[in-house]
Each structure stands twice: as structure tokens, then as C-alpha cells.
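Student: sequence unknown, structure follows:
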């Protein structure tokens with residue numbers, strides 16, 4: 001027997017070459033959902049629980065079941081686990097937003113669920129139930145075929161599959177325990193084929209229910225989208241008014257866009273999951289290769305008639321959200337353009353007003369400069385006149401009137417040149 005180190009080394013190599021880090025996961029995924037081997041007659045009960053974000057609860061439930069059997073609980077990273085339970089077995093699988101518990105056991109003669117089912121006293125559900133299915137696999141005999149009469153004829157679906165070796169019957173209604181009852185008649189299929197077909201049939205009902213979970217949300221969103229569409233129509237009508245208040249309209253549009261995007265983000269996962277589950281249902285129906293039985297609905301025909309309108313509603317809501325988002329964006333862009341144009345007009349008027357004030361200030365400055373030149377020149381000429389009068393002290397006799405008169409143009413030119421020089425120096429400093 002090889003040791004653990006040898007096993008780890010072999011698991012990480014191929015012919016001695018290093019293997020890709022994710023190779024083991026990729027190879028193991030092929031065997032992630034092994035079909036049970038089933039010999040008719042048997043009964044299968046599967047419950048699907050909503051466990052998104054509550055994976056530890058599944059481990060707690062499996063731990064409790066394992067303790068009741070006296071066996072080890074599954075690993076914390078496990079995504080599927082099987083264990084013997086009474087005369088049958090329990091299989092657990094973890095999915096993205098739900099987990100399933102499938103019990104397979106003997107079918108009692110009275111048609112009631114076997115008492116050794118794990119879904120009795122002491123079983124703690126890991127979350128709310130999404131779907132519950134009771135699948136009975138019986139030998140195809142005249143007596144078992146008469147059980148078709150126990151289903152509701154208004155929604156009864158009866159199809160032959162597996163090249164005539166089996167038949168599946170259901171009315172997709174719930175029994176007294178809340179389980180969808182399905183009957184499968186076996187005309188000599190192998191245990192492996194029984195397990196594979198039963199898994200497909202169960203998947204159809206499970207994923208059909210999961211896909212339909214998006215319908216209530218889509219219906220609620222449809223009303224909100226309709227209200228936003230009406231509000232957008234009113235706003236676009238107001239936008240044609242010459243006396244519109246762009247700021248007010250933009251505020252309302254922004255609020256509508258925020259509300260729409262919040263709804264779209266909140267519904268993105270649910271509506272996307274409904275599309276994915278709907279695709280899985282169609283894949284499982286294709287794999288069944290049904291042949292119709294005269295006088296009865298086929299599974300594909302019944303499910304498509306019931307599911308197609310719901311899925312169209314979900315897609316319609318997504319498309320309306322996307323189209324409405326684009327319309328809101330265009331309306332907001334148009335309003336912002338108008339607001340920008342108004343702002344530019346206001347800026348232009350402000351600049352024009354500033355230019356007018358600048359021109360007025362320039363004229364006032366020129367006027368003040370002229371007055372300043374005259375005033376300073378007057379005082380300078382006065383000082384020169386006083387100096388001319390005082391020259392007699394030094395024995396120089398000048399006529400003060402002539403000196404003063406001659407000093408007037410010289411003083412004016414000198415003062416004007418000085419003021420001009422000062423103003424030019426200030427302008428150069430401001431430009432730098």
C-alpha cells in the first residue's frame with residue numbers, strides 16, 4: 001500500500017510530470033453527481049433547500065445525520081456526500097444557491113413514504129424548501145399503469161422514454177405532504193439507466209421551480225418600470241415647454257435613473273439565474289427523448305406552455321430596464337446640454353459685463369491720471385514760482401512770472417511722463 005506522500009505525489013503528477021493546480025478539480029467535476037443505481041420498485045424523495053450564504057448549516061445538518069448513523073461527517077469543503085440510511089441511502093449535493101437531500105429507499109405496498117426516511121422527527125432543515133419531489137419507480141405492469149388514473153387529468157403528462165423501455169407520468173401537483181408526485185414505469189431498464197433517468201426527471205421539476213422564482217420579482221419590477229416609463233414620458237413632454245425648469249427636471253430624472261439602476265442591480269442575479277435554470281430544464285427535456293402517448297400531454301409541451309410566458313416576462317422586464325436606462329441617459333444628456341448652453345450664455349453675459357466694467361474703469365483711470373497730472377503739475381509749477389521769487393536773496397534777479405510761465409509746459413510733460421512710466425511698470429509686473 002502506498003503511503004500518503006506517495007499518493008500526494010502521484011495526484012500532482014502525470015507520468016512524473018507536474019500537473020496543473022486545478023487538474024484534480026476539473027477531473028473530479030465529471031464525477032461530482034454520480035447517479036444512484038436503482039432497482040424497481042423504489043421511491044425517491046428529494047427536498048431542495050435555499051442555502052445561499054448558509055453553507056455551514058448544511059454541514060451541521062449532515063453532521064447530525066452522521067451522528068445518528070455513527071459515521072464520520074463529510075469534509076467542510078465537500079460538495080456532495082452519500083450515506084446509507086435504513087434500507088436505502090441519502091445523497092446530499094451543494095449547489096450555488098441551494099442544496100438537495102435525496103433519499104432513495106424501498107416502496108411500501110400501501111404507497112406511503114417509508115418510515116425510515118430521514119425527513120422525519122429530528123431532521124433540521126438548512127433553509128426554506130424550494131421544491132419537494134416524490135418519485136415512485138415501479139415495474140411497468142397493467143396494475144401499475146392503472147395508477148395513471150390517480151393523477152389530475154387536467155394537467156396530466158404522460159410520455160414514453162428510453163425507446164419504449166420506460167414512461168414518466170405526473171400532473172405537477174402537490175400531494176398532502178407538499179411533494180410533487182411523479183410516477184416512472186420501468187420495462188426492464190438497468191439500475192444505472194433507472195438512476196440516470198430518475199435524476200433527469202427530478203432535475204426537471206427542481207430547476208423548473210427555481211426558474212419560476214424569478215416571475216414574482218419580474219411582476220413586481222414590471223409595475224415599477226411602468227411607473228418610471230410614465231414619469232419619463234411626462235418629463236420629456238415638459239422638456240418641450242419653452243419655460244421649463246431644467247434644474248428641477250434634471251433632479252427628477254436623476255432620481256428615476258437611480259431608482260431604475262437600483263432595481264436592475266437587485267434583480268440581476270435572480271433574473272439571470274431564471275434564464276440559466278430554464279436552459280437546464282430544456283437540456284434535461286432534450287435528454288429524455290420523449291414519445292407522446294395518445295390522449296395525453298407530453299412533459300415538454302406542458303412545461304413549455306406553462307414556463308414560456310413566465311420566462312418571456314422575465315426577459316421582457318430585463319429588456320425594458322435596459323431600454324429605459326438608455327432613454328433616461330439620453331434625456332439626461334439632453335437636459336445637461338441645455339443647462340450647459342444656459343450656463344455658457346450666463347458666462348458670456350458675465351464676461352461682457354466684466355468687459356464693460358473694465359472699459360469704464362479704464363476711462364475713469366485715464367480721467368484720474370489726467371487730473372493727477374494737472375494737480376501735480378500745478379503744485380510743481382507753484383514750487384518753481386516760489387523758487388523764482390526767492391532768487392533775489394542770492395543776487396539773481398528773475399521775473400517770477402516768466403519763470404513760472406516757462407515751467408508750466410515742462411512740468412506738465414515731466415509729470416505726464418512719470419505717471420506713464422509708473423503705469424507701464426505696474427502693467428508689466430501684472431503680466432509676469
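Tutor: Yep, it's here. No experiment lies behind these values; they were computed from the predicted model shown. Residues are numbered from 1 along each chain as shown.

Student: Distance of residue 260 relative to residue 229?
Tutor: Distance, residue 260 to residue 229, by Cβ to Cβ, to the nearest Å: 10 Å. In this view, the C-beta of every residue, glycine as well, is placed from N, C-alpha and C.

Student: so what sits against both of these two?
Tutor: residue 324 (Cβ atoms under 8 Å, 6 or more residues apart in numbering).

Student: More neighbours: the two, which one.
Tutor: Counted by other Cβ atoms under 10 Å, residue 260 and residue 229 do not tie: residue 260 has more neighbours, with 23 against 16.

Student: who does the strand or helix carrying the more buried one touch, helix- and strand-wise?
Tutor: Residue 260 belongs to helix 246-288 when assigned by DSSP states H and E. Where contact means 3 or more Cβ pairs under 8 Å, 6 or more residues apart in numbering; DSSP states H and E, helix 246-288 is packed against helix 191-212, helix 214-239, helix 299-389.

Student: model confidence over the shortest one, on average?
Tutor: If I follow you right, that is helix 191-212. If you average the pLDDT over helix 191-212, you get 94.

Student: what comes up buried for that helix?
Tutor: 193-212 (16 or more other Cβ atoms under 10 Å).

Student: cool, and stretch 178-195?
Tutor: Applying 16+ other Cβ under 10 Å to stretch 178-195 flags 179, 180, 181, 182, 183, 184, 185, 186, 189, 193, 194, 195 as buried.

Student: so the second one touches residue 205, yeah?
Tutor: Yes - the pair residue 180 and residue 205 passes the contact test of Cβ atoms under 8 Å, sitting 5.4 Å apart.

Student: Now list whatever residues contact both of the two.
Tutor: By Cβ under 8 Å, 6+ apart, the residues touching both residue 180 and residue 205 are 131, 133, 170, 172.

Student: Dump the residues you listed to JSON lines, plus neighbour count.
Tutor: Formatted as JSON lines, the shared contacts of residue 180 and residue 205 follow (neighbours: other Cβ atoms under 10 Å):
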{"residue": "131", "neighbour count": "23"}
{"residue": "133", "neighbour count": "25"}
{"residue": "170", "neighbour count": "24"}
{"residue": "172", "neighbour count": "20"}
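
Student: returning to that earlier point: restricted to helices, list the buried residues of stretch 178-195.
Tutor: Residues of the buried residues of stretch 178-195 located in helices (DSSP state H): 193, 194, 195.

Student: for the residues you listed, which one is nearest residue 51?
Tutor: Among those, residue 195 lies closest to residue 51 (Cβ to Cβ), at 24.3 Å.

Student: Next, work out how far apart that closest one and residue 44 are.
Tutor: From residue 195 to residue 44 the distance is 10 Å (Cβ to Cβ).

Student: any shared contact partners between the two?
Tutor: residue 38.

Student: Please parse this structure into its domains.
Tutor: Using automatic domain parsing, the domain parsing of the chain gives 1-29, 32-209, 214-348, 358-431.

Student: tell me the most buried of the ones you listed?
Tutor: domain 32-209 (a mean of 17; mean count of other Cβ atoms under 10 Å).

Student: pretty sure residue 135 contacts residue 182?
Tutor: Yes - the criterion here is Cβ under 8 Å, and residue 135 meets it with residue 182 at 4.6 Å.

Student: shared neighbours, those two?
Tutor: 201, 202.

Student: Determine the longest strand present in the protein.
Tutor: strand 129-139 (DSSP state E).

Student: State the mean pLDDT of the helix or strand just after that strand.
Tutor: Scanning forward in sequence from strand 129-139 by DSSP H and E, the next helix or strand is helix 142-145. The pLDDT scores in helix 142-145 average 92.

Student: swap in stretch 151-165?
Tutor: 93.

Student: where are the low-confidence patches of this protein?
Tutor: 1-11, 28-33, 55, 109-115, 366, 391-398, 426-432 (pLDDT under 70).

Student: again, 50 this time
Tutor: 1-10, 111, 113-114 (pLDDT under 50).

Student: residues in contact with stretch 180-192?
Tutor: Here stretch 180-192 has contacts from 35, 37-40, 131-140, 144-145, 147-148, 151, 162, 164-175, 194, 197-198, 201-202, 205, using Cβ under 8 Å, 6+ apart.

Student: Residue 155 and residue 222: what is the separation?
Tutor: Residue 155 is 26 Å from residue 222, by Cβ to Cβ.

Student: To clarify, my last question referred to residue 326.
Tutor: 18 Å.

Student: Repeat that for residue 373.
Tutor: 82 Å.

Student: again with residue 332
Tutor: 23 Å.

Student: Repeat that for residue 97.
Tutor: Per Cβ to Cβ, residue 97 is found 23 Å from residue 222.

Student: repeat for residue 187
Tutor: For residue 187, the distance to residue 222 - Cβ to Cβ - is 46 Å.
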